[in-house]
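Asker: Let's see this in three dimensions:
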Amino acid sequence: MSMIAASVGRILLAVIFILAGIGKIADPAGTAQYIENTTTLPGSLALPTGIFELVCGLLLAVGFLTRIVSILLAGFCLLTIFFFHNQFGDQTQMTMALKNLAIAGGLLVVFAYGQMRGSFDHMRAKSKTQKAELKAARAEGKAEGLAKAKTD
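Answerer: So this is what the prediction gives:
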């Protein structure tokens with residue numbers, strides 16, 4: 001049951017970034033204007049940010065490179081608080097900051113348990129382990145065969 005909850009949670013977190021990335025890619029001019037009006041950052045960051053969110057969201061949803069992607073996205077959420085939602089006297093900005101803080105917390109949990117069953121990373125690690133065990137068994141069989149041949 002925990003595997004299902006972890007997989008669904010990871011996918012739900014990913015949906016936030018996938019949809020945000022698509023929105024930024026679909027309207028880079030609007031996103032650039034928002035960035036320039038809200039911060040001192042250049043508006044040219046709009047499209048790369050959208051691509052980053054979309055790609056990382058898709059990787060997170062599939063469960064590929066989950067630990068790396070989750071830590072990158074958690075840092076992204078914290079930077080978003082710092083640059084965009086730092087007016088804590090404004091209730092809306094405080095709510096947005098807390099939302100990003102909660103998302104970062106969820107992503108840190110994914111980082112901690114990112115290679116659980118149900119992710120591509122887990123399947124890849126399991127396959128690697130099985131190949132190593134098979135290779136060790138073959139080597140052991142060859143060594144036993146050589147030892148037996150020497151005694152004969």
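
Asker: Can you give the distance of the helix or strand bottoming out on mean pLDDT in the chain from its chain's centre?
Answerer: Within the chain, no helix or strand scores below helix 120-151, which has a mean of 74 by mean pLDDT, DSSP states H and E. The chain centre lies 33 Å from the centre of helix 120-151; the measure is C-alpha atoms, centre = their mean, to the nearest Å.

Asker: quick one: buried residues of the helix or strand residue 52 falls within?
Answerer: According to DSSP states H and E, residue 52 maps onto helix 46-62. Going by neighbour count (16 or more other C-beta atoms under 10 Å), the buried part of helix 46-62 is 46, 49, 50, 52, 53, 54, 56, 57, 59, 60, 61, 62. Bear in mind the C-beta positions are built from the backbone N, C-alpha and C, glycine included.

Asker: That helix: how far from the chain's middle?
Answerer: 9 Å.

Asker: Quick check: pLDDT value at residue 117.
Answerer: What the model reports as pLDDT for residue 117 is 61.

Asker: Which elements pack onto whichever helix or strand residue 97 is part of?
Answerer: Counting by DSSP H and E, the element that carries residue 97 is helix 91-113. In terms of contacts (3 or more C-beta pairs under 8 Å, 6 or more residues apart in numbering; DSSP states H and E), helix 91-113 is packed against helix 2-26, helix 66-84.

Asker: need those helices in TSV with distance to residue 142, mean neighbour count and mean pLDDT, can you?
Answerer: Listed next are the helices and strands packed on helix 91-113 as TSV, based on distance: least, C-beta to C-beta, whole Å; neighbours: other C-beta atoms under 10 Å; pLDDT from 0 to 100:
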stretch	distance to residue 142	mean neighbour count	mean pLDDT
helix 2-26	38	16	92
helix 66-84	36	18	96
